[in-house]
Structures are given as C-alpha cells and as structure tokens.
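*Asks:* Please find the sequence and the predicted model below.
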Amino acid sequence: MDNKEQSYKIFLQARRFEDSAGLLFKEGASDPNKYYIPACVMAAFGLELYLKSIQQFEKGTIKKTHNIKDIFDELTDESKDKIRINFKDDVLRNPPHNIKDIEKKSGVKITDDFDSVLSDISRLFVDFRYIFEQKNEAKSFMYIENLRKVITGRVSELGIDKK
C-alpha cells in the first residue's frame, strides 16, 4: 500500500470518529453532562488520527502514541506553521460561542494560545476517559473545534481527503 493510500485510510477513520463525536455533541446539547465527555474523547481521537494522516503523508510513517502534541511535533515545519497561523486566525473569527460566559462563571481566563491549547488537548483522549481522576483545572478544551477545523483544512490542502 502506498503512502497516499495509507494516509487516506487514516483520514477516513478520523472522519468516522469526528462524525461520531458530532452525533454525541448534538444528542447531548440539551443535557451537556450526558454525552459531553465521551464526545470530547471521540473528537480528540479524531484529531489524533487527522494529524497521523498528515504525518503518514509527509513522512511515510506515524508515531505510535495518543499524545497529540507529540504527533504535531513530528509534522513538517510547513504543516506546523500553517496550522499555527490558521488556528490564530480562526480563533479571532470564530471563538467558542460560550467562552466569555464560562470565563465569567469560573473567574478564570481560558487561554487561546496555540501551544497551551495543544498541550491541554494533547492527552484529552487518555485523560477524559479517566475524568474522575482529574483535578478541576481551567483547560483550553473549548478550542477543540477551532483546532479540528485548521487540521482538517491542512488535510484538504495536502489532498489527503481525496482518493
């Protein structure tokens, strides 16, 4: 199997997890406690796989980890730069709709700094599965949709999403 074909297969699996997360987010819209955590876990796993599809396309191999930051660090400088720039632009144009309310209620500023967001989301797939063991800290999970958009944008730019 060639590199492009393998990248496309990884992309398809990422899309399946993204779609599943979307269904859970939609179903849980009336009761966020019901499906929010499983939806975030699936969304994070989708992000991981999108990054791995880019990594496979660019390097011909993937890093065997669930750590999103570690996978991101393995991308080419061009991909990293484009994702960073596009993230900053997307956050300015499309901040999470309820971010100000959450910051006001919590009294904590949730950062939109790319490296902080990437770090916070980096182990979400692992950490949220064991949320009952986590400390109650301000994290930048609210920016997962912005991150998803720019990563899938890079996937499309590279043509990975086309067979």
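*Replies:* The structure has been received and is ready for your questions.
*Asks:* Against which helices or strands is the helix or strand bottoming out on mean pLDDT in the chain packed?
*Replies:* Counting by mean pLDDT, DSSP states H and E, the chain has its least confident helix or strand at helix 124-127, which shows a mean of 74. Packing partners of helix 124-127 (3 or more C-beta pairs under 8 Å, 6 or more residues apart in numbering; DSSP states H and E): helix 32-59. From N, CA and C alone the C-beta is placed, and that goes for glycine too.
*Asks:* Could you give the average pLDDT over the next helix-or-strand element following the helix it packs on?
*Replies:* Stepping forward along the backbone from helix 32-59, the first helix or strand reached (DSSP states H and E) is helix 68-73. Model confidence over helix 68-73 averages 96 on the pLDDT scale.
*Asks:* Can you mark which positions in helix 68-73 are buried?
*Replies:* For helix 68-73, burial by neighbour count (16 or more other C-beta atoms under 10 Å) applies to 68-69, 71-72.
*Asks:* Considering the residues you listed, which is situated nearest to residue 6?
*Replies:* The closest of those to residue 6 turns out to be residue 71 (C-beta to C-beta; 15.3 Å).
*Asks:* which residues touch the helix or strand containing residue 20?
*Replies:* With elements delineated by DSSP H and E, residue 20 resides in helix 3-27, which encompasses its position. When contacts are taken as C-beta atoms under 8 Å, 6 or more residues apart in numbering, the neighbours of helix 3-27 outside the stretch itself are 1, 34-36, 38-40, 42-43, 45-50, 52-54, 56-57, 60, 62, 148, 152, 155, 160-163.
*Asks:* How many neighbouring residues does the nearest residue to residue 162 once chain neighbours are set aside have?
*Replies:* Using C-beta to C-beta, 6 or more residues apart in numbering and skipping residues adjacent in sequence, the residue nearest residue 162 is residue 8, 7.7 Å away. Counted with other C-beta atoms under 10 Å, the neighbours of residue 8 add up to 20.
*Asks:* Distance check, the residue nearest to residue 128 when sequence neighbours are not counted against residue 88.
*Replies:* Leaving aside its chain neighbours, residue 128 sits nearest to residue 41 (4.7 Å; criterion: C-beta to C-beta, 6+ apart). Distance, residue 41 to residue 88, using C-beta to C-beta, to the nearest Å: 26 Å.
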